[in-house]
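> Build me a model:
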Amino acid sequence: MGKKRRTLAILLTAAMVVTMQSFPAYAQGDELTEQQEEASETSTIRNIMNTGNRDNAYSAYYEKHKDDSFPKSQIVIEAKDAVPSADADGEEPQYEILKYEGQEDCLKWTNNRGELNYEFEVAEAGNYSLEFFYYTLSGGSTTIDVGIKIDGEYPFTACNDITLDRYWEDATTIKKDSKDNELKPTQIEKDMWVTYPVKDKEGLFNYPYFFNLSAGTHKLTLEGIRTNLALKTMTFRNYDDPPAYVSPSQGEIEDTPALSVKNDIGTNSILIEAQNPVYKTASTLYATYDRTSCLASPSHPTKQRYNTIGKETWNKATQAITWKFTVPNNGYYTFSFKARQNTMRGFYSNRRIYVDGKVPNSAMDIVSFPYDPNWYAQQLKDKDGTPVYLYLEAGEHTITMEVVPGEIGEIMRRLDDLVYRLNYYYRRILMITGPNPDQYNDYLVDIQIPELIPTFQDAIAQLETEKANIEKLGQGSEASSLESLAVILRRCVKKKDEIPSMVGTLKDYISSVSAWMRDYRDQPLELDYIEVLTTHETPQRANGNFFEEFGFGFQAFIGSFFEDYTMLSDTSEKSLNVWVSLGRDQATVVKDLVDNGFNQGNTGVQASINLVQGAILEATLAGKGPDVALFLGGDFPIQCAARDLLVNVKEFRDFEETVKSRYTDTITTLYSYNGGVYGLPVSQIFPMMFYRTDILEELNVKKIPETWDELIQIIPVLQRSYLTVGLVQPTSNLSSSIFESGDTFSMLVLQTGNNMYVDDLSKTTFDQKPIVDVFKKWTDFYTIFDFEQTYDPFTRFRTGEMPIIINNYTFFNQLTVSAPEIKGLWDFSHVPGTPVLDENGEPTGKINFAANSSSAGAVIFKKCTDKNAAWEFIKWFTSDDVMTSYGRTIEGQMGQMGRFDTANVNALAQLPWSNAEYLKISEQMNQTREIPIIPASYATTRHVKNAFRAVVNDAWNPRYSLSSYNRDINAEITRKNEDLSTFGK
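Alright, predicted model coming up:
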């Protein structure tokens with residue numbers, strides 16, 4: 001009976017396909033536009049084998065050309081021979097040819113614009129790496145980025161934006177404060193000549209990129225993105241593999257004189273303290289601290305000692321740290337590393353080790369540090385376990401450790417492609433079944449997608465192979481998510497009719513594998529010190545014995561009763577009491593900036609940083625609040641100002657002259673009350689539109705919507721395939737007392753040139769026709785187009801179920817870090833806008849892209865006895881340089897996911913955004929318009945959401961719903977204003 005039913009369903013499906021090709025479907029009873037019809041018909045007959053544009057990834061390029069020859073010849077291109085041209089925006093490069101730092105004929109390029117073109121000849125076809133020789137220039141961006149084209153085309157996707165190395169160093173040695181706690185040195189740029197082969201920074205390849213060149217004439221084009229450099233040469237070349245390690249004779253090893261000078265850890269070895277490098281490739285590779293071991297160098301049970309380097313900040317491919325050391329005699333030396341890798345359970349963290357700029361032998365090409373929750377000493381050994389000795393001449397040398405992915409990189413690369421393919425087929429199934437499949441319907445997805453089952457079978461085999469590869473590394477237990485995904489795929493292959501009911505489970509397991517890959521792609525390592533030894537010395541043990549560690553722990557326990565860990569800085573009667581409402585890591589960064597900046601440069605009042613969560617308003621009303629509070633957001637500044645608790649910063653003379661220009665035109669609206677301004681913005685988030693280019697291309701949507709009307713036009717095209725659009729969730733935070741950034745109703749109101757309140761803020765504008773119209777337009781998205789009120793933006797965008805999403809611009813960081821499988825398949829732009837009309841109601845040709853934002857800021861409380869000093873402090877903290885330093889350091893601690901959403905427009909330009917990304921973000925930032933915050937804002941947001949739910953959930957008339965709740969809003973505004981009218985009198 002089941003077979004007959006399936007056969008009948010197959011015949012009906014075939015008939016439906018023919019019918020669908022003949023008669024395009026309509027959505028919501030509306031007639032399709034010409035663009036919609038074209039997109040609908042084309043997507044129906046589009047070849048189902050298309051799995052997205054992954055052919056331009058370097059992994060595909062590598063597989064295509066890896067077996068070609070790697071010639072030994074070199075092709076040197078002089079930078080001075082550039083032929084300039086305009087970039088896509090019509091901008092020309094600005095450069096000069098000059099002698100720079102000892103090198104003749106250098107090209108100094110600093111305007112981040114335009115293109116430089118070079119013709120060159122290739123005598124022998126094959127694969128070549130590309131090596132840059134350049135001098136870094138400080139004072140600009142934290143990164144150096146260029147686009148690379150060969151013969152007018154990007155060879156692979158990564159060439160759109162190639163990041164070149166630049167170097168950093170500690171501004172000072174590690175110093176101590178008056179409480180005997182060490183202070184973290186500030187990181188400054190170290191300008192120097194750099195030889196850099198273009199490398200993979202995604203953690204998938206161990207060796208530099210190669211470029212496949214045919215014999216003949218070619219053109220190399222460099223696109224300006226962030227070009228703070230003096231360029232000397234570009235060289236196409238290849239590199240010899242490091243020689244195999246050949247162990248010297250025992251006699252040669254023993255002839256090396258023993259080391260006789262005691263070091264700080266009690267041995268005779270040459271001690272290299274890891275926290276004191278000479279330079280590193282990222283500003284985030286600063287000294288860190290560890291208080292878990294009595295043998296940390298140096299250590300203290302209660303005081304802060306910066307005694308290590310690494311942890312979570314030294315985990316990205318190509319990050320490198322260099323130290324100097326001096327050996328007293330010619331001879332053979334080995335290395336021992338006191339390390340800890342306690343993050344990636346069951347996996348190795350890998351480093352490539354250079355001595356004097358070269359990898360001496362194959363044993364040092366990839367050195368693996370295993371997982372261990374405790375410190376351990378690892379001596380440098382070859383694959384047979386024999387200690388590796390290097391011959392070093394007496395004098396100064398350098399040792400560099402560079403992050404490389406090791407063997408796990410190739411596995412991650414293959415899984416990266418697999419996860420993308422499975423996500424694609426999940427979406428294809430979804431286009432047939434919809435998000436809620438009918439359990440009584442035979443969808444026959446294996447018939448409608450003929451290659452589905454073979455793809456699943458191939459995926460099962462690949463998952464099993466990769467799991468076996470991981471097990472060979474001794475790490476199989478940590479790859480259980482691969483086996484779980486294989487199990488669900490086997491069920492799909494075995495029970496084809498149940499695939500629709502299993503599609504949700506399939507999505508969850510794909511997400512699980514993707515999350516596992518994200519966590520284990522990094523290569524974290526923490527280093528305490530390096531010992532350089534001869535055969536006559538023994539490395540120091542990494543941990544103390546039971547009694548030593550117990551005594552250290554006991555001292556730390558007793559000391560915890562006397563150390564105030566919430567008071568991060570020194571304090572005195574003249575100190576500014578500064579409360580920071582952040583996590584400890586972020587607050588520590590603030591403390592370090594203050595200690596190394598404001599407190600060092602200020603001989604008068606010092607700032608004492610204290611970590612406090614919440615209750616600021618209550619503490620202030622009780623007379624126990626701070627002088628200054630940082631990162632105070634929401635409606636708190638206005639609530640405090642309404643109670644006469646804050647200082648009006650508008651009264652300071654240089655507010656209008658210098659400080660206000662750091663921000664967008666209207667952001668101070670969020671801190672304004674009764675004509676005063678009661679804080680300076682520190683952070684600001686605002687919305688942007690993210691879209692999947694591969695899916696829109698597949699559906700033949702040729703134009704990214706610029707207006708809401710254009711967005712509405714393509715909704716039927718998406719919904720025909722059971723896809724949809726994600727707006728900022730209207731009911732995600734019902735307790736919010738302000739309109740969240742990117743709130744759809746707020747954007748629609750602002751884009752019409754209106755606002756939520758009348759000029760004197762005494763009542764709302766919700767009784768005006770334009771506001772009622774946009775309220776109806778907002779609710780129509782949910783009543784007519786059936787948009788979802790709650791959803792997981794990251795998951796729905798990654799799987800492609802929502803190929804267009806409006807979210808805060810920091811969503812970019814989450815996608816970049818957590819969804820590498822869709823890299824290059826999405827983009828972002830300004831939010832949809834509203835055409836601007838003239839006084840006669842006719843279009844002017846302009847579009848208003850206004851959106852509201854959210855902010856957290858710095859405020860001064862009236863209880864502060866030295867208000868001028870407090871003003872100098874918040875003015876210093878919100879300055880361009882400090883906001884840039886804070887953003888860079890936070891990103892170093894938390895990775896790109898923690899990239900700072902600064903409110904300072906100049907600091908935004910200095911954060912590690914590419915030029916194209918920055919221009920988009922800056923454009924939307926300058927379009928932000930703010931909704932005033934009033935003491936009764938909670939009533940406005942609450943009742944607008946009530947009115948929305950009444951329309952969407954209970955089918956109320958939009959005009960009646962908004963009007964009904966508007967009476968309650970205005971009544972509460974009046975009551976609140978009367979209650980607060982006595983404050984300040």
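> And the helix or strand harbouring residue 891, what does it pack against?
Taking DSSP states H and E as the definition, residue 891 sits inside helix 880-894. Applying 3 or more C-beta pairs under 8 Å, 6 or more residues apart in numbering; DSSP states H and E, we find helix 880-894 packed against helix 584-593, helix 905-910. Every residue, glycine included, has its C-beta placed from N, CA and C.
> which parts of the last one are buried?
By that I understand helix 905-910. Buried residues in helix 905-910, counted by 16 or more other C-beta atoms under 10 Å: 905, 907, 908, 909, 910.
> what do you get for the longest one?
Within helix 584-593, the residues that count as buried by 16+ other C-beta under 10 Å are 586, 587, 588, 589, 590, 591, 592, 593.
> go on, stretch 944-960?
944, 945, 946, 947, 948, 949, 950, 951, 952, 956, 958.
> Same list, those residues, but as CSV with secondary structure and pLDDT please.
CSV is the format used below for the buried residues of stretch 944-960 (DSSP: H, G, I helix; E, B strand; the rest coil; pLDDT from 0 to 100):
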residue, secondary structure, pLDDT
944, helix, 95
945, helix, 94
946, helix, 94
947, helix, 95
948, helix, 95
949, helix, 94
950, helix, 95
951, helix, 96
952, helix, 95
956, coil, 95
958, helix, 95
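> Tell me the one among the residues you listed nearest to residue 579.
residue 945 (31.0 Å; C-beta to C-beta).
> Distance-wise, check the closest one relative to residue 963.
Distance, residue 945 to residue 963, by C-beta to C-beta, to the nearest Å: 16 Å.
> hmm, back to that, quick check, nearest of the buried residues of stretch 944-960 to residue 344?
residue 945 (43.1 Å).
> Quick one: the buried residues of helix 584-593 as TSV, columns for pLDDT too.
TSV is the format used below for the buried residues of helix 584-593 (pLDDT from 0 to 100):
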residue	pLDDT
586	83
587	84
588	81
589	85
590	88
591	86
592	83
593	87
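> which of these lies closest to residue 187?
residue 592 (10.3 Å).
> For the closest one, which residues are in contact?
If a contact means C-beta atoms under 8 Å, 6 or more residues apart in numbering, then residue 592 has 183, 184, 889 as its contacts.
> can we see that at 10 Å?
Residue 592 is in contact with 183, 184, 185, 186, 286, 568, 569, 609, 885, 886, 889, counting by C-beta atoms under 10 Å, 6 or more residues apart in numbering.
> Using neighbour counts, trim the residues you listed to the buried set.
183, 184, 185, 186, 286, 568, 569, 609, 885, 886, 889.
> In CSV: those, plus pLDDT and distance to residue 822.
Formatted as CSV, these follow (pLDDT from 0 to 100; distance: C-beta to C-beta, whole Å):
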residue, pLDDT, distance to residue 822
183, 80, 42
184, 82, 37
185, 83, 39
186, 78, 37
286, 88, 32
568, 61, 40
569, 60, 43
609, 86, 40
885, 87, 32
886, 90, 30
889, 82, 29
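> what would those residues look like in JSON lines with secondary structure and distance to residue 620?
Below are the buried ones among the contacts of residue 592 laid out as JSON lines (DSSP: H, G, I helix; E, B strand; the rest coil; distance: C-beta to C-beta, whole Å):
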{"residue": "183", "secondary structure": "strand", "distance to residue 620": "30"}
{"residue": "184", "secondary structure": "coil", "distance to residue 620": "31"}
{"residue": "185", "secondary structure": "coil", "distance to residue 620": "35"}
{"residue": "186", "secondary structure": "coil", "distance to residue 620": "32"}
{"residue": "286", "secondary structure": "coil", "distance to residue 620": "35"}
{"residue": "568", "secondary structure": "coil", "distance to residue 620": "20"}
{"residue": "569", "secondary structure": "coil", "distance to residue 620": "20"}
{"residue": "609", "secondary structure": "strand", "distance to residue 620": "18"}
{"residue": "885", "secondary structure": "helix", "distance to residue 620": "29"}
{"residue": "886", "secondary structure": "helix", "distance to residue 620": "25"}
{"residue": "889", "secondary structure": "helix", "distance to residue 620": "29"}
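> a markdown table please, covering those and showing distance to residue 130.
Conversion of those to a markdown table gives the following (distance: C-beta to C-beta, whole Å):
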| residue | distance to residue 130 |
| --- | --- |
| 183 | 41 |
| 184 | 36 |
| 185 | 34 |
| 186 | 34 |
| 286 | 31 |
| 568 | 46 |
| 569 | 48 |
| 609 | 46 |
| 885 | 32 |
| 886 | 35 |
| 889 | 32 |
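> Specify which member of these is nearest to residue 685.
Among the buried ones among the contacts of residue 592, and counting by C-beta to C-beta, the member closest to residue 685 is residue 886, at 15.7 Å.
> so where's the stretch 701-850 of the chain shaky on pLDDT?
For the stretch 701-850 of the chain, residues meeting the criterion pLDDT under 70 lie at 732-735.
> Show me where it has its helices.
Here the stretch 701-850 of the chain has its helices, by DSSP state H, counting those that start in this stretch, at 708-720, 744-751, 769-783, 793-799, 811-818.
> And the ones you listed: which comes nearest residue 453?
helix 793-799 (20.2 Å).
> re the thing from before, next, the buried residues of the helix holding residue 891.
Buried, per 16+ other C-beta under 10 Å, within helix 880-894: 880, 882-894.
> Could you export stretch 243-255 as CSV, CA atoms only?
Only the C-alpha atoms of stretch 243-255 are listed here, as CSV (Å, rounded to 0.1, in the frame of the first residue of the first chain):
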residue,chain,number,x,y,z
PRO,A,243,66.0,20.6,6.1
ALA,A,244,65.5,17.4,8.0
TYR,A,245,67.0,17.5,11.5
VAL,A,246,70.4,15.9,11.8
SER,A,247,71.4,15.3,15.4
PRO,A,248,75.0,16.4,16.2
SER,A,249,77.3,13.8,17.8
GLN,A,250,77.2,13.4,21.6
GLY,A,251,80.7,14.7,21.8
GLU,A,252,79.8,17.9,20.0
ILE,A,253,76.9,18.4,22.3
GLU,A,254,78.9,17.8,25.4
ASP,A,255,81.8,20.1,24.3
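> For that stretch, buried residues please.
Across stretch 243-255, burial judged by 16+ other C-beta under 10 Å covers 245, 253.
> got it, and stretch 969-982?
969, 970, 972, 973, 976, 980.
> ok, now stretch 85-94?
87, 93.
> can you list the residues that contact it?
82, 84, 107-117, 147, 221-225, 227, 915-916, 919.
> Which PyMOL command selects the buried ones in the residues you listed?
Only the buried entries of the contacts of stretch 85-94 go into this PyMOL selection, using 16+ other C-beta under 10 Å:
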select buried, resi 82+107+108+109+110+112+113+114+115+116+147+221+222+223+224+225+227+915+916
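> Okay then, goodbye and thanks.
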